[in-house]
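**Student:** Pasting the sequence and the predicted model now:
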Amino acid sequence: MSKSLEYEIQPEEVKPLLGTEGVVLVDVREPWERDTAKIEDTLFIPMGDIPARIQELDPDDHVIVVCHHGVRSLSVAAWLRQQGYEKAQSMAGGIDRWSRFIDPKVPLY
């Protein structure tokens, strides 16, 4: 049995995973936030819509949840874990940290 994943993953660890089969980046911010700044190739499901749209996610996938600073995404990742999504993680620092350290073309807000 493998060691369970931490609840948070650093943006530097997320970048090489993007585009990998079985890895899904889920943006749980509000539509206006997504219109302001986004990471390409993410699934956009606002936090409040997650319970109604959970069937869009595969429990076998490595689901990485992102928000603005990492607070909402941590809450969503914990909830997904309770629903059986054992590989759900929150991207620490959110899109703010992504903009600062990974891709400065993504606007800060």
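**Tutor:** That came through, no problem.
**Student:** Show the pLDDT at the closest residue to residue 103 other than its chain neighbours.
**Tutor:** Distances taken as C-beta to C-beta, 6 or more residues apart in numbering place residue 39 nearest to residue 103, at 7.4 Å, with adjacent residues excluded. To be clear about C-beta, it is placed using only N, CA and C from the backbone, and glycine gets the same treatment. Here the pLDDT value assigned to residue 39 is 96.
**Student:** Mind listing what's buried along stretch 54-66?
**Tutor:** Using 16 or more other C-beta atoms under 10 Å as the test for burial, stretch 54-66 gives 57, 62, 63, 64, 65, 66.
**Student:** one step back: what's near enough to touch the residue nearest to residue 103?
**Tutor:** 18, 25, 27, 66, 95, 98, 103, 106 (C-beta atoms under 8 Å, 6 or more residues apart in numbering).
**Student:** what's the distance between the residue nearest to residue 46 when sequence neighbours are not counted and residue 38?
**Tutor:** Excluding its sequence neighbours, the residue lying closest to residue 46 (C-beta to C-beta, 6+ apart) is residue 30, at 5.7 Å. From residue 30 across to residue 38, the span is 12 Å (C-beta to C-beta, to the nearest Å).
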